[in-house]
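Enquirer: Everything below, folded, please.
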Amino acid sequence: MKTIIPLAALAAVIFVIHACSSQESPGTVTTIDSEALYMNNCASCHADSGVSKAPTMTLLASMTPRGIYGALNSGKMRMHGEQLSEAEKRALADYLSDHDTYFNPNEDSLGAMSEDLNPCSVFVELSAQPSWNGWGGDVKNSGFKKGTGLNAQNVSKLKLKWAYGFPDAVRVRSQPAIVGDMLIIGSQNGSVYAINAKTGCTLWHTEVNSAVRGAITVAPGPRGKLTAFLADFSTSVFALDIEDGSIIWETKVGKHVQNAVTGSVTLHGNTLFIPLTSMEVLAAMNPDYDCCTSSGGVVAINALNGEELWHFNTIQEPPKVVGEKENGGKIYAPSGAIVWSSPTVDAGRNLLYIGTGENYTRPTTAYSDAILALDMTTGELQWAFQGTADDGWNLDCFDEDNRINCPDPPGPDLDFGMAPILTTREDGKEVLIVGQKSGVVRAMDPDDNGKLLWETRVGKGTANGGIHWGMASDGKLAYAPVNDNPYWPPDPESEYPLSPGVYALDVTTGKVVWEQPAPEDICKGKSGCMESNSQAPSLIEDVLLAGSLDGHIRAYAANDGAVLWEFNTMKKFKTINGVRAKGGSLDGAGPVAQDGMLYVNSGYGLHGEAPGNVLLAFEIAE
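Expert: Sure, this is the predicted structure:
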């Protein structure tokens, strides 16, 4: 039996930052100019110029203040942190981070760690195979799982059993894997936790290099035993021994300084597939940034040792200067066509399916806002389907008065943000189901180069969805949460009304079988509360589980959409591990169910949504 590993000190949460700073020490100051502190000590390597391999300021902004402080105080940047006073390190952490959990050692802020970590006294029994694994529960990204112990007859009896808080987090978006009685989940603070799925005690805790945004995948690994595979935001990929959390191997797959991973790894055989996006979409908001030179892609690596097998870029042509900005800077293209979500495995056809997003600059390309099919062995493109052409957009387009880096004209930003679903219809034919931020759901024929079988609009579509994070399907019905958030720019080509809610479509015909509009008047007076559905759903037996930006998790009857149970997570919780925590909007990864229990992430402090930092575990009341 392995020794139980206690949680490490919070200050050891580290982002991989290359050693780089000026030689000048700022000395002791009484009034700290944070911007000057950054310029004198950090900017030469961490500016968004891309001249260094160090993480850019855009990526640093995604870290929590305590994570940056930890890097300076005891992590990779400690040699340079020694040149700074305690107050200066804290000032830099607050200045660089874009989070609202500001570092204050004298305040018990959201996610502050207490001494009571509730470590497990004994290890858990591990099954031979994980019961919930990867994004959507399987490599086809179906979001459908049988044998969970929950169904339409007992789901209304669910009650909260325990709550687990994540320190230094304002959102929880990693979908856990469950192996026997072990639950493995990543966090925004750059840590991976193994938790007893029944009791909530902590088995082990491992620090990686940055936030873990995607799902965890567990499978037999290089040591001949179960291994957890994951990627963090900085494009570092890890294989962890699930008995103690030790790192078996680690590799970095991003080639561009702005590459990042927001999706989840997918494993087939001994090949691990990692999706790549780019944070140039955010860097473009800086008028002095010469946008843009990166693209999305997928990297295949050997799961036994981390060695790269192939690397596919969604844009094959190297970027070049295509124009000059108003301020004299350069415009580069082509760029973008990023991959936000998880790859889907089609083992029978030896294909890998990915969805792509918009181009960041013009001219645009043929593989943006598209579904691409790649040969799993070589990474070569086999076919492509483009949902929206000529979509050039980045976050600078929000600034209507000062669009220095926004493509002219700006596109609608209608990504395929979800992982494609490979499912089998009732007549035995396999089809691909894909939803787009345009609010359109499509069925495609994988036997005929992605030929369109049907398409159905269920939402108006906005830059944040439409269909945002995902869908679920059992082959009979396809379930589509629709965001249609009024706070985001709508699809200018759509005359369809904003229609947030949950929809069920017949997989064979595309006909809407039922719809359940998002409840109204729930969010009145509540900051960050929005009455729409962005989170990916999960389908278990005859129940659809779907979270909302209003903080509620709801169980719908899969056949007619009737609400069978709901729970409001947008409140404070007493956690089993002693971390101060609260719930917020439900977004990103869907809920997970197994052995009569339900696990729900709550909190999404991004896009104006309500922050939170808690994992909630429910059980059937006796």
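
Enquirer: and the closest residue to His268 other than its chain neighbours, which of the three is it?
Expert: Distance criterion C-beta to C-beta, 6 or more residues apart in numbering; nearest residue to His268, sequence neighbours excluded, is Val345 at 4.7 Å. Quick note: C-beta positions are derived from backbone N, CA and C, even for glycine. Of the three states, Val345 takes strand under DSSP: H, G, I helix; E, B strand; the rest coil.

Enquirer: so who does Val345 touch?
Expert: Val345 makes contact with 139-140, 266, 268, 273, 352, 376, 422, according to C-beta atoms under 8 Å, 6 or more residues apart in numbering.

Enquirer: Return the subset of those lying in helices.
Expert: Using DSSP state H, no member of the contacts of Val345 falls within helices.

Enquirer: want to throw those into a markdown table with pLDDT, neighbour count and distance to Lys524?
Expert: Below are these laid out as a markdown table (pLDDT from 0 to 100; neighbours: other C-beta atoms under 10 Å; distance: C-beta to C-beta, whole Å):
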| residue | pLDDT | neighbour count | distance to Lys524 |
| --- | --- | --- | --- |
| Val139 | 97 | 22 | 42 |
| Lys140 | 97 | 24 | 40 |
| Thr266 | 98 | 30 | 41 |
| His268 | 98 | 18 | 47 |
| Phe273 | 98 | 28 | 44 |
| Leu352 | 98 | 27 | 45 |
| Met376 | 98 | 23 | 49 |
| Leu422 | 98 | 24 | 41 |
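
Enquirer: what's across from Ile301 in the sheet?
Expert: Here Ile301 sits in beta bridges with Leu272, Glu308, going by DSSP bridges.

Enquirer: Could you give the number of residues near Gly465?
Expert: Here the number of neighbours of Gly465 (other C-beta atoms under 10 Å) works out to 29.

Enquirer: Which parts of the stretch 201-350 of the chain are strands?
Expert: All strands of the stretch 201-350 of the chain, identified by DSSP state E, counting those that start in this stretch, fall at 202-207, 217-220, 226-231, 236-241, 247-252, 259-260, 266-268, 271-278, 297-302, 308-313, 320-324, 330-333, 344-346.

Enquirer: now for those, which one comes closest to Glu400?
Expert: Closest of the strands of the stretch 201-350 of the chain to Glu400 is strand 330-333, at 18.8 Å (criterion: C-beta to C-beta).

Enquirer: Report the buried residues of that closest one.
Expert: Of the residues in strand 330-333, 331-333 count as buried by neighbour count, 16 or more other C-beta atoms under 10 Å.

Enquirer: pLDDT below threshold where in the protein?
Expert: Applying pLDDT under 70 to the chain flags residues 1-30, 44-45, 47-64, 66-67, 70-71, 73-79, 98-117.

Enquirer: Would you confirm that Gln386 contacts Leu372?
Expert: No - with contact defined as C-beta atoms under 8 Å, Gln386 does not count as touching Leu372 (9.5 Å).

Enquirer: Which one's more surrounded, those two?
Expert: More crowded of Gln386 and Leu372, by other C-beta under 10 Å: Leu372, with 27 against 18.

Enquirer: Which strands or helices does the one helix or strand that one maps to pack on?
Expert: Following DSSP states H and E, one finds Leu372 within strand 370-375. Applying 3 or more C-beta pairs under 8 Å, 6 or more residues apart in numbering; DSSP states H and E, one finds that strand 370-375 contacts strand 351-355, strand 381-386.
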